[in-house]
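S.K.: coords please:
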Amino acid sequence: MGKLVWLASYPKSGNTWVRAFLHNYIVNAETPHSINSLVDFSVSECAMAFFGVPGEVMDPHAVQAKRPEVHEALTGLHDDLVFVKTHNANLSVHGVSLCTPGVTAGAIYIVRDPRDVALSYAAFAGKSVDEIIDFMGNEGAANASDGVQVFELLSSWSAHALSWVGAPRRLLVRYEDLVADPARGFGRIIRFLGAADATPEPERLQRAIAFSSFDTLAGQEAREGYRANGAGGGKFFRSGVAGGWREKLTPEQAAKIWATHGQVMEKFGYPQN
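M.R.: Next up is the predicted model:
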């Protein structure tokens, strides 16, 4: 079995929140860990520093030729499991898997209602909600190499979600369930990473949840800034609520998302209204 645990999600679905929780829980932190130091514990698979010289822009063929080698190298970052953030779909490009199976120990897939994703992603990217809705429906949707990171293939929201559902040794986590009952939701993650019957230490669990709460993370961003912020220039930790789309999306926007993704949304328990 491999060593990489993919922390996978479509963008703006709670990946950073889960990373912050895991760091605070596993190292048993006494104070909240800085959001700007999450790479101390979990790495971003697409970072250009792993593929070559930062500032270099690599084309997809070159990236894919090197990806298996990069993933193999990532297994040496820690003696135990290595947590790797990715927004890639669990697909192949140019005959090469975006998430190398041979070095994979498992995956935690975080899914969020695409109507809330559209709002958060638009603010993050500095684009209109309508542009993001179209982007999320495009099976060729990708983030291009830019010298800081190599390309990521997101595909459509539906294709992304379905690609990870079939992954072996995969835990599916709904963002909305983490919001509704953090102790249960994050407890499932800890049990998944340990023995099947392992019970998270209650005080340690609650402390890690508090240290990675939306208010804590947003407070850190306000004081320190967040280096992973996007082109939109606004807050990365924007609201953290579930179901905000009901007040923010127009009926036409909500209907378009449902028409494109409704069949898959139903699989994850997201109702039409």
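
S.K.: residue boundaries of the strands in this structure?
M.R.: Ranges of strands within the chain are 4-9, 42-44, 82-86, 92-93, 96-97, 104-111, 142-143, 152-153, 170-174, based on DSSP state E.

S.K.: for stretch 246-263, C-alpha coordinates in CSV please.
M.R.: Only the C-alpha atoms of stretch 246-263 are listed here, as CSV (Å, rounded to 0.1, in the frame of the first residue of the first chain):
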residue,chain,number,x,y,z
ARG,A,246,-31.0,30.1,-1.5
GLU,A,247,-30.7,33.8,-0.7
LYS,A,248,-27.9,34.7,-3.2
LEU,A,249,-28.5,32.9,-6.4
THR,A,250,-31.2,33.9,-8.8
PRO,A,251,-33.9,31.3,-9.6
GLU,A,252,-32.4,31.1,-13.1
GLN,A,253,-28.9,30.4,-11.8
ALA,A,254,-30.1,27.8,-9.4
ALA,A,255,-32.2,26.1,-12.1
LYS,A,256,-29.2,26.1,-14.5
ILE,A,257,-27.0,24.3,-11.9
TRP,A,258,-29.7,21.8,-11.2
ALA,A,259,-30.3,21.1,-14.9
THR,A,260,-26.5,20.5,-15.4
HIS,A,261,-25.8,18.6,-12.1
GLY,A,262,-29.1,17.6,-10.6
GLN,A,263,-28.7,13.9,-11.3
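
S.K.: got the buried residues for that stretch?
M.R.: Residues of stretch 246-263 classed as buried: Leu249, Gln253, Ala254, Lys256, Ile257, Trp258, Thr260, His261, Gly262 (neighbour count, 16 or more other Cβ atoms under 10 Å). For the C-beta atoms, the positions are set from N, CA and C on the backbone; glycine is no exception.

S.K.: find the nearest non-adjacent residue to the last one, please.
M.R.: Just to be clear, that refers to Gly262. Gln272 (6.5 Å; Cβ to Cβ, 6 or more residues apart in numbering).

S.K.: so how far is Ala255 from the one you found?
M.R.: 9 Å (Cβ to Cβ, to the nearest Å).

S.K.: so, low pLDDT: which residues of the protein?
M.R.: 1, 195-198, 222, 224-240 (pLDDT under 70).

S.K.: which of the strands of the chain sits most buried?
M.R.: Most buried of the strands of the chain by mean neighbour count (mean count of other Cβ atoms under 10 Å) is strand 4-9; its value is a mean of 25.

S.K.: partners of that strand in the sheet?
M.R.: In its sheet, strand 4-9 lies beside strand 82-86 (parallel), strand 104-111 (parallel), with partners assigned from DSSP bridges.

S.K.: among those strands, which is nearest Pro200?
M.R.: Closest of the strands paired with strand 4-9 to Pro200 is strand 104-111, at 14.9 Å (criterion: Cβ to Cβ).

S.K.: what inclination does the closest one have with respect to strand 170-174?
M.R.: Strand 104-111 runs at 20 degrees relative to strand 170-174, counting by axes from the mean of the first three to the mean of the last three Cα atoms, to 10 degrees.

S.K.: contact partners of strand 104-111?
M.R.: 1-10, 13-15, 18, 81, 90, 99, 161, 164-165, 167-175, 189, 192, 268 (Cβ atoms under 8 Å, 6 or more residues apart in numbering).

S.K.: one more: stretch 204-213?
M.R.: 17, 20-21, 23-25, 28-29, 31-33, 182-183, 186-187, 190, 216.

S.K.: let's see 10 Å
M.R.: Applying Cβ atoms under 10 Å, 6 or more residues apart in numbering, the contact partners of stretch 204-213 are 16-33, 35, 178, 182-183, 185-187, 190, 199-201, 216-217, 219, 240.
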